[in-house]
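[1] this one's sequence-less:
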């Protein structure tokens, strides 16, 4: 298979994934918000100061403006109220010019798990790593101990949700094959560098 063929296969796989997510989203929520247009995505990216991960952009443009996904479901892209952009900007503002930044640049919160926990997509990684921010055991000092790698990529995380095999599923504690989030090795460097 040539490099061009690899890219076509990857795009086809992503096209299929987006379609399956759209079908699941519609079946889970009959009041699914409409997708956002390119102008709204551009507005969001301008406010963020960086591009959304391409798959995340497609989810908002082709599936819905949040309201689907695991547990509490994806946040809308822009506010009023809790949104990807609003939550990111609030968390980043609280991380500027402090000794121990809480939130790294480029990681957008996409849903809340409750109890101040968030799933976030690292838009600065090619795969769109999905991170878990779990601040409840915070004991002071660096926030790095509160950051976990949930999935190596957004596509894999979505596949886990579609298959019902994530750590966040209700029956996860009854299964032996569940992969728990593990400490995010880049947390210290990303928090200290501002990126």
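    Cool, got the structure. On a predicted model such as this, the values are computed, not experimentally measured, just so you know. Numbering: from 1, shown residues only.

[2] contacting residues for residue 85?
    Contacts for residue 85 were tallied using CB atoms under 8 Å, 6 or more residues apart in numbering; they are 44, 47, 48, 77, 78, 79, 108. Heads up, the C-betas are built off the backbone N, CA and C, glycines and all.

[3] could you point out the longest strand in the protein?
    Among the segments of the chain that qualify as a strand by DSSP state E, the longest is strand 107-114.

[4] where does this protein dip in pLDDT?
    The chain contains residues with pLDDT under 70 at 1-12, 172-175, 194-195.

[5] which residues of it fall in strands?
    107-114, 117-122, 130-133, 147-151, 182-183.

[6] thinking again about what came up before, give me the PyMOL select line for the contacts of residue 85, limited to the buried ones.
    What follows is the PyMOL syntax selecting those of the contacts of residue 85 that are buried according to 16 or more other CB atoms under 10 Å:
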select buried, resi 44+48+77+78+108
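
[7] Hmm, residue 34 is touching residue 65, no?
    Yes: the pair residue 34 and residue 65 passes the contact test of CB atoms under 8 Å, sitting 6.4 Å apart.

[8] quick one, helices of this structure?
    Secondary structure of the chain by DSSP state H: the helices cover 3-28, 38-48, 54-58, 84-93, 154-163, 187-193.

[9] nearest to residue 133, of these?
    Ranking those by distance to residue 133, with CB to CB as the measure, places helix 84-93 first at 8.7 Å.

[10] Fine by me, we can end here.
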